[in-house]
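[1] with the input below, show me the fold.
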Amino acid sequence: MNTENSKTSNMQQPQVVYVAQPPEYDEDEINLLDYWRVLMRYKWLIVVITLLSTTAAVIHALLADEVFESEVVFMPANEEGGGLSGMAGQFGGLAALAGVNLGGGGGKTEEALATLSSRAFTVEFINELELMPVFYAELWNAAAKQWIPTDKKEIPSEWKAYKMFNDEIRKISNDAATGMITLSISWGDPVLAAQWANALIEKLNAHQKASAVSEAEKSIDYLKNQLAQTSVVEMRGAIFNLIEAQTKNIMLANVRDEYAFKIIDPAVVPEQRVSPKRKLIVILGMMVGFMLSIFLSFLINFIKNQKENNQNTP
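    Next up, the predicted model:
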């Protein structure tokens, strides 16, 4: 009886079936493995494209024209005070009515900087130093001292030279906090770059001084004419004082070579080029080649898989 009950109970107990589960894999690990397989499949393509890109970058870095930058730092020349400033305050109204400028000219910073970057001043500077053949040496016959092209349209114009000088060679920066102004010249010859930078400020000072002297002389001529036309004692005294002020203006200009701007740090011949940055060019070339080769590898693999899927699809 007990034996039958035990058999019955054993038959009623459920049997547990163990099913082997496949090992779980992280989807990210599968994707990374697939990516690695693609890279290994096209490793020679990656190597070749990277080497070609790096080689091209090296050739470009070696053949690129060297550019040197020379800087001159200057600031507005301090205007002389004393009697001239007092004269301007005392007779400023009369001078304004007469169209006479009592200022020494050293404080006209904006006007001087505008002159420095103006077309007329720049073209005059280019012509004085005969820079056109230097800018366009490939078009200039040094032996015959004439342009190689026979067509006038192919000969560089003064406007083209000005745009080149203003956009590519000369750069002016003004530090409002310190009042310092920096003029930089970029050119392939470091000696010429330094010479042009210093010559520009020297010419600008001479230009502003000549302009101030000419203006003062015209003012004196005008005041002398006014003096001959009036007999009022007070007016004649004021005119005499204005003539004296303009005479001081001329004297001040003639004794100061640095009339508009005072040079703080003159330009020197640079020892290091600013471009090309050869190491950076080579590194960028290698990185571009490497990234491009990886992109092409995955693109080729994608196109290949698409073709296989299309062929297997009934």
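[2] which stretches of this structure form helices?
    Ranges of helices within the chain are 2-12, 27-41, 43-63, 83-98, 109-116, 119-128, 132-135, 158-164, 190-228, 233-255, 278-312, based on DSSP state H.
[3] so which of those helices is nearest I181?
    Taking Cβ to Cβ, helix 109-116 is the member of those nearest to I181, at 7.2 Å. In short, each C-beta sits where N, CA and C put it, glycine included.
[4] and the angle for that closest one with helix 190-228?
    Following axes from the mean of the first three to the mean of the last three Cα atoms, to 10 degrees, one obtains 120 degrees for the angle between helix 109-116 and helix 190-228.
[5] in helix 109-116, what's buried?
    Across helix 109-116, burial judged by 16 or more other Cβ atoms under 10 Å covers T109, A112, L113, T115, L116.
[6] of these, closest to T55?
    L116 (44.3 Å).
[7] what's the closest non-adjacent residue to that closest one?
    For L116, ignoring the flanking residues on the chain, the nearest one in space by Cβ to Cβ, 6 or more residues apart in numbering is L204 at 5.3 Å.
[8] what number of residues lie near that neighbour?
    For L204, the neighbour count with other Cβ atoms under 10 Å is 21.
[9] that one contacts F121, doesn't it?
    Yes - applying Cβ atoms under 8 Å, one finds L204 in contact with F121, separated by 7.5 Å.
[10] which residues do the two both contact?
    Counting by Cβ atoms under 8 Å, 6 or more residues apart in numbering, the residues touching both L204 and F121 are T115.
[11] that older thread, could I get the helices of the chain as TSV with distance to K145 and mean pLDDT?
    What follows is these, written out as TSV (distance: least, Cβ to Cβ, whole Å; pLDDT from 0 to 100):
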stretch	distance to K145	mean pLDDT
helix 2-12	120	50
helix 27-41	62	76
helix 43-63	30	92
helix 83-98	49	47
helix 109-116	30	91
helix 119-128	15	96
helix 132-135	8	94
helix 158-164	17	95
helix 190-228	19	91
helix 233-255	37	84
helix 278-312	36	89
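[12] out of the ones you listed, the one nearest W147 is which?
    For W147, the closest of the helices of the chain is helix 132-135, at 8.6 Å, according to Cβ to Cβ.
[13] ok, residues contacting that closest one?
    Helix 132-135 has contacts (Cβ under 8 Å, 6+ apart) with I126, W140, A142, P156, E158, A161, M164, F165, L192.
[14] quick one: closest of the helices of the chain to L183.
    Across these, the minimum distance to L183, taken as Cβ to Cβ, is reached by helix 190-228, at 5.8 Å.
[15] just checking, what packs against that closest one?
    Helices and strands touching helix 190-228, by 3 or more Cβ pairs under 8 Å, 6 or more residues apart in numbering; DSSP states H and E, are strand 68-76, helix 83-98, helix 109-116, helix 119-128, strand 181-187, helix 233-255, strand 261-265.
[16] now with 10 Å?
    For helix 190-228, the contact count by 3 or more Cβ pairs under 10 Å, 6 or more residues apart in numbering; DSSP states H and E identifies strand 68-76, helix 83-98, helix 109-116, helix 119-128, strand 170-174, strand 181-187, helix 233-255, strand 261-265 as packing neighbours.
[17] excluding chain neighbours, give the residue nearest to the residue positioned nearest the centre of the chain in space.
    Per Cα atoms, centre = their mean, the C-alpha nearest to the average position across the chain is that of K171, at 6.5 Å. Nearest non-adjacent residue to K171, counting by Cβ to Cβ, 6+ apart: S184, 4.7 Å away.
[18] list the contacts for that neighbour?
    By Cβ atoms under 10 Å, 6 or more residues apart in numbering, the residues touching S184 are 69-73, 169-173, 193, 197, 267, 274.
[19] redo that, cut-off 8 Å
    E69, S70, E71, V72, R170, K171, I172, S173, A197.
[20] again, but for L192
    V134.
[21] contact partners for T230?
    By Cβ under 8 Å, 6+ apart, the residues touching T230 are R236, I239.
[22] just checking, A216 touches N249?
    Yes - contact criterion Cβ under 8 Å: A216 and N249 qualify, at 4.4 Å.
[23] what is in contact with those two at once?
    By Cβ under 8 Å, 6+ apart, A216 and N249 have no common neighbours.
[24] domain-wise, how is the protein divided?
    The record assigns the chain these domain ranges, following automatic domain parsing: 31-64+276-300, 68-265.
[25] closest one to N309 among those domains?
    That would be domain 31-64+276-300 among those, by Cβ to Cβ, at 15.2 Å.
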